[in-house]
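Trainee: Structure for the following, please:
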Amino acid sequence: MLAEVRHVRGLLFVDYVRMLRAQKSVDWSQRLTAEDVWFLSTRIDPDAWYPMETFERMGNEILRTVAHGELFPVRLWGRYSAAKLHEGNPSLLAPDDPVETLNRFRVLRQTFFDFEALSVPMLLEDEAHIIIGYHMGMPAESAACYQTMGFFEGLLELAGAKDVDASFRESSWANALRTLLVIRWRSPKP
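Mentor: Numbers count the residues shown, from 1 in each chain. All right, here's what the predicted structure looks like:
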């Protein structure tokens, strides 16, 4: 049986490439495949599709080399990436409306991956449940989930949410069948 080929949009892929390119002292040919290294020397088109396998290997190297195996910086980077994504997609943000912002993200997320990486099965005025499944090995999957956690924290704060609190209720890296991110916040509306 052939493995499913999955892809990530260049808009996300380019960030990984930039981080690796910035590590001038590392010989990536010793740590990545020849195909992966090729992406480090070519222009990345934000609208093109790139292989998830390469994205995963690059993510593992970023975790190891840039974040030194720590997930907190990965989560912070996720927070930062919310503002960057908003810059490129101004209609993503509904000011002072976290729920509408998450609804807009539901539509936009389909343009980032060519498979179901994220779903939002529950969305209330002050709480969201997000199922995450990038279908990568460890530690890439856990790192990507922490990055996603940070992203949603940052996105909700941009939308005016207060006291944002996020936690994993279930996690695939702890032998659960899925990863469930639960986020609660206080709405900016009276």
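Trainee: rest of the way, CA atoms for contacts and neighbours
Mentor: Will do.
Trainee: So residue 181 lies in a helix, does it not?
Mentor: No. Under the criterion used here (DSSP: H, G, I helix; E, B strand; the rest coil), residue 181 is strand, not part of a helix.
Trainee: So, low pLDDT: which residues of the protein?
Mentor: 1-3, 190 (pLDDT under 70).
Trainee: In which helix or strand does the residue nearest the centre of it reside?
Mentor: The centre of the chain sits closest to residue 148, judged by C-alpha atoms, centre = their mean, with a distance of 4.1 Å. Per DSSP states H and E, residue 148 falls inside helix 140-158.
Trainee: ok and the helix or strand just after that helix relative to helix 140-158, angle-wise?
Mentor: Next in sequence after helix 140-158, counting helices and strands by DSSP H and E, comes strand 162-170. Here the directions of strand 162-170 and helix 140-158 differ by 160 degrees (axes from the mean of the first three to the mean of the last three C-alpha atoms, to 10 degrees).
Trainee: Just name whatever secondary elements strand 162-170 is in contact with.
Mentor: For strand 162-170, the packing partners by 3 or more C-alpha pairs under 8 Å, 6 or more residues apart in numbering; DSSP states H and E come out as helix 140-158, strand 179-186.
Trainee: Restricting to C-alpha, output the longest one in PDB.
Mentor: The C-alpha atoms that make up helix 140-158 are tabulated as PDB, following Å, rounded to 0.1, in the frame of the first residue of the first chain:
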ATOM      1  CA  ALA A 140       7.900  16.800  14.900                       C
ATOM      2  CA  GLU A 141       4.200  16.100  15.700                       C
ATOM      3  CA  SER A 142       4.500  17.400  19.300                       C
ATOM      4  CA  ALA A 143       6.500  20.400  18.200                       C
ATOM      5  CA  ALA A 144       4.000  21.300  15.500                       C
ATOM      6  CA  CYS A 145       1.100  21.000  18.000                       C
ATOM      7  CA  TYR A 146       2.900  23.300  20.500                       C
ATOM      8  CA  GLN A 147       3.500  25.700  17.600                       C
ATOM      9  CA  THR A 148      -0.200  25.500  16.700                       C
ATOM     10  CA  MET A 149      -1.100  26.100  20.400                       C
ATOM     11  CA  GLY A 150       1.000  29.300  20.400                       C
ATOM     12  CA  PHE A 151      -0.600  30.300  17.000                       C
ATOM     13  CA  PHE A 152      -4.100  30.100  18.400                       C
ATOM     14  CA  GLU A 153      -3.100  32.000  21.600                       C
ATOM     15  CA  GLY A 154      -1.700  34.800  19.500                       C
ATOM     16  CA  LEU A 155      -4.600  34.800  17.100                       C
ATOM     17  CA  LEU A 156      -7.200  35.100  19.900                       C
ATOM     18  CA  GLU A 157      -5.200  37.800  21.600                       C
ATOM     19  CA  LEU A 158      -5.100  39.800  18.300                       C
END
